[in-house]
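Chemist: pasting the sequence and the predicted coordinates here, then a few questions.
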Amino acid sequence: LMTTGLTQEDNVVIQSYLTVALLAELHNNNLLESPFFGEMTFGAPWVKELLCEVGIDNQGCAIIALYAMLVLPREIVGQAFTSEYAAINSFLSANTQHTYSSYQSDMPSINYIRHIRNAVSHGRIEFRPNDAIVFKDENMRANESFSTELPLNHLGELISRLQNVHLAYIKDMNQRGT
């Protein structure tokens, strides 16, 4: 993979993917239990202590992953992979619960990706520990609102599906010689 000569759009997709991949690999390789981490000195020691307590696979990382995979490059990747995003929307439709929408644009079917993207963009997400992540979107001018809950046991698959779209975009980018 060449990183020189990238468009700004391609760079955003690659960099957002790399950040999520790094976090996943740090978790998969047990960084926090490693001698390397044990010997690390932090400018603020409480950060190291808190990382040991919450781990790498935490709510903050989930938010970062959703932001990196869904918010930042959505317009770029979404235009090239509409069928893949439609499949993710179907996955969300099948796996979310307690969904409510008063958006006129959601008639007859809800655009889960758009609402979840907006919820993540505006920090309107809540975690219910060991249960679900709640997404809320609202258009105050039109008095419209949306909310849905994704059980935490489906969050990893959502992020994985978003990563797969990014990988397909990067593969296509390589094939076009960028």
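Modeler: Cool, the structure landed.
Chemist: what is the three-state secondary structure of the closest residue to residue 70 other than its chain neighbours?
Modeler: Excluding the flanking residues, the one nearest residue 70 by C-beta to C-beta, 6 or more residues apart in numbering is residue 117, at 5.1 Å. Bear in mind the C-beta positions are built from the backbone N, C-alpha and C, glycine included. Counting by DSSP: H, G, I helix; E, B strand; the rest coil, the backbone at residue 117 sits in helix.
Chemist: next, count neighbours for residue 117.
Modeler: 20 (other C-beta atoms under 10 Å).
Chemist: per-residue pLDDT of the closest residue to residue 169 other than its chain neighbours, please?
Modeler: Leaving aside its sequence neighbours, residue 169 sits nearest to residue 77 (C-beta to C-beta, 6+ apart; 5.0 Å). Model confidence at residue 77, given as pLDDT, is 80.
Chemist: the residue nearest to residue 70 against residue 72, yeah?
Modeler: No. Using C-beta atoms under 8 Å, residue 117 is not in contact with residue 72; the gap is 10.0 Å.
Chemist: just give the closest residue to the residue nearest to the spatial centre of the chain, not the sequence neighbours.
Modeler: Geometric centre of the chain, nearest residue: residue 66, 1.5 Å, by C-alpha atoms, centre = their mean. Of all residues not flanking residue 66 in the chain, residue 120 sits nearest, at 4.8 Å (C-beta to C-beta, 6+ apart).
Chemist: which residues sit in contact with the residue of the chain positioned farthest from its centre?
Modeler: Going by C-alpha atoms, centre = their mean, the residue of the chain most distant from its centre is residue 39, 30.9 Å out. Going by C-beta atoms under 8 Å, 6 or more residues apart in numbering, residue 39 touches no other residue.
Chemist: relative to residue 142, how far out is it?
Modeler: Residue 39 is 55 Å from residue 142, where distance means C-beta to C-beta, to the nearest Å.
Chemist: picking that back up, could you measure from the residue farthest from the centre of the chain over to residue 56?
Modeler: Distance from residue 39 to residue 56, by C-beta to C-beta: 17 Å.
Chemist: got phi/psi on residue 99?
Modeler: phi -80, psi 140 (degrees, to the nearest 10).
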